[in-house]
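>>> just coords:
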């Protein structure tokens, strides 16, 4: 079963009403429920034991991660989070202290971003912990940034560094809320999303939504230190690849999941101005132009040997020592 | 582990902000995000395979039930539902047609109540289906009905009939949205909730929230036909009681879960007027005064032998042939 085919099928005929500005298919749903000058943002995101965390993960980091993922989706729309509900499925026997620690991690992050935790539900999920966050936010009308809207000749930017998140960042990443709001306020951002399934997995969503393609400069990819160390065997790689040879660092930056960095496009004409302003505003956080939007479809990876269509063959160019 | 103790502990120190009108502890959270004249209602509710449905449940009824439960919570606040997100945890191997049928049942109910399905998430939950609905609604400011507010000498009403839901109603019940809105519009309802854990399980929430007690007239309980048939052995009882002797019907009405009827209180002075108006407005749906609010705490059950405090001993009065 292809998950994306199924989702595509399911989302073809969903009931709608007058409140829907943008439904399924973007980082958040966008609703107009009559707040003067504002849209509501609405999002759910779940983490599941054995997939997004393990039994060995410190419980406060489980709670933190669950909320941070949903906050990252609000960031991807340039929104401001407001209130969350927590749905916690627990095995029949569980340690209440463990659950309290999950909440402690979640509450601390919520408090830091001004998010109210307004309830939720605890239910039984035999065998594993299932933690879903439902999050409401707001965004100024017209300032929401969707996945669609990228134009040929746009510059493509990513915040921070990519790859190797499994080494620790996936539990400790910062949702880029302030950064996204600043971008939306100061520049005509064309399209944006947050990277949860890796650049190679998520960029196609933005490209398909805009009916465009992209050319990525391999040498420009901001490869994380963790990805480099994993490639050198100095850090363990993702647990689902035991025995696999280390992934080249640039390939990790392209394909590893859970970076939770912002990917956005803006007219190439304002790219330099944006970079300069960013350095003033967020001197601690890298912002990198990794390529450009082109007419057509799909992703071209440009390296010293030429431009290669990303796909089964495209990845081969990363399989270097 | 006592679930209620844990929830009580967790909800003592949740982060809040200026938008929170009512947080954890009622049927829905109530938020003020600036809609003129209206509050937002925010709720999540999950159904889990093996607990709320079985592998034999028709998939469209799984979807219908999941949404109907959340709609019932919006009804309990006298609200109007607006938009929902669907979080679906699926075993690693699943039939896409099965998932499509879950959505078909959910979508049909959503369309009937004007609810937009604006997205959600499909994730892996090894071993069982986990389906959580996140629902947004609105309510006129001042017309929301909380669990707290019951006063001594209030009449206690329930809609419909109670008990025996497992025989089928738990998959097909009607969320009482129109009824609750009509009540809030026409009568000063003091307190309301929807019955999900049975009268004996849920009424205490309303009593504790109001700092009051209740006296229930056993002979007034609107016992469902299913509960009567189960008591006579003409229908199978709930599956978790194999070999148990059939529950007396009145005990089923008091303790069976998943009735999803409204329980509310209103000043005894308007009780007759309300009953008369109800019969005009909703001639097809029973409304029953089952007792009254009293000073003190807990539930007294009155039968021909006197008034008995509900508890381990109180239930004994139901253990009749």
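Received it, and whenever you're ready, just let me know what you need. Quick caveat: nothing in here was measured; it's all calculated off a predicted structure.
>>> hey, let's count contacts and neighbours off CA atoms from now on
Noted.
>>> who's in contact with the nearest residue to residue A:144 once chain neighbours are set aside?
Distances taken as Cα to Cα, 6 or more residues apart in numbering or on different chains put residue A:77 closest to residue A:144, at 5.2 Å, once the chain neighbours are dropped. Counting by Cα atoms under 8 Å, 6 or more residues apart in numbering or on different chains, residue A:77 touches A:27-28, A:139, A:144-146, A:180, A:192-193.
>>> same check, this time on residue A:286
Applying Cα under 8 Å, 6+ apart to residue A:286 gives the contacts A:159-161.
>>> Let me have those residues in a markdown table, extended by pLDDT, secondary structure and distance to chain B.
What follows is those, written out as a markdown table (pLDDT from 0 to 100; DSSP: H, G, I helix; E, B strand; the rest coil; distance: Cα to the nearest Cα, whole Å):
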| residue | pLDDT | secondary structure | distance to chain B |
| --- | --- | --- | --- |
| A:159 | 98 | strand | 25 |
| A:160 | 98 | coil | 26 |
| A:161 | 98 | coil | 26 |
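>>> Output these in a markdown table, with neighbour count appended to each entry.
Listed next are these as a markdown table, based on neighbours: other Cα atoms under 10 Å in any protein chain shown:
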| residue | neighbour count |
| --- | --- |
| A:159 | 22 |
| A:160 | 19 |
| A:161 | 22 |
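>>> next helix or strand past the host helix or strand of residue A:101?
Residue A:101 is part of helix A:96-112 when elements are defined by DSSP states H and E. For helix A:96-112, the following helix or strand on the C-terminal side (DSSP H and E) is strand A:116-124.
>>> what angle sits between that following strand and helix A:96-112?
150 degrees (axes from the mean of the first three to the mean of the last three Cα atoms, to 10 degrees).
>>> residue ranges with poor pLDDT in the stretch 201-321 of chain A?
Counting by pLDDT under 70, the low-confidence segments of the stretch 201-321 of chain A come to A:239-244, A:312-321.
>>> just the helices in it please.
A:225-231, A:249-255, A:271-281 (DSSP state H, counting those that start in this stretch).
>>> Tell me which of those sits nearest to residue B:57.
With Cα to Cα as the measure, helix A:249-255 is the member of these nearest residue B:57 (39.4 Å).
>>> Let me see the residues that make contact with the closest one.
Contacts for helix A:249-255 (Cα under 8 Å, 6+ apart): A:161-164, A:197-201, A:218, A:221-224, A:227-228, A:230-231, A:315, A:318-319.
>>> hmm, 7 Å instead?
A:162-164, A:198-201, A:221, A:223, A:227-228, A:231, A:318 (Cα atoms under 7 Å, 6 or more residues apart in numbering or on different chains).
>>> now it, how far from the chain's geometric center?
16 Å (Cα atoms, centre = their mean, to the nearest Å).
>>> buried residues in that helix?
Neighbour counts using 16 or more other Cα atoms under 10 Å in any protein chain shown place A:249-255 of helix A:249-255 among the buried residues.
>>> Let me know the closest of these to chain B.
residue A:255 (19.4 Å; Cα to the nearest Cα).
>>> can you tell me how far the closest one sits from residue A:32?
Distance from residue A:255 to residue A:32, counting by Cα to Cα, to the nearest Å: 35 Å.
>>> go on, residue A:203?
Taken as Cα to Cα, the span from residue A:203 to residue A:32 is 28 Å.
>>> Who has more neighbours out of these two?
More crowded of residue A:203 and residue A:32, by other Cα atoms under 10 Å in any protein chain shown: residue A:203, with 25 against 18.
>>> Skipping its backbone neighbours, what lies nearest residue A:192 in space?
Among residues not flanking residue A:192 along the chain, residue A:264 sits closest, at 4.1 Å (Cα to Cα, 6+ apart).
>>> Quick one: name the residues of the stretch 151-300 of chain A near chain B.
The stretch 151-300 of chain A comes close to chain B at no residue, as judged by Cα under 7 Å from any Cα of the partner chain.
>>> could you show me where the strands are in the stretch 151-300 of chain A, in order?
Here the stretch 151-300 of chain A has its strands, by DSSP state E, counting those that start in this stretch, at A:154-159, A:191-194, A:213-217, A:262-267, A:287-294, A:298-303.
>>> Thanks again, I'm all set now.
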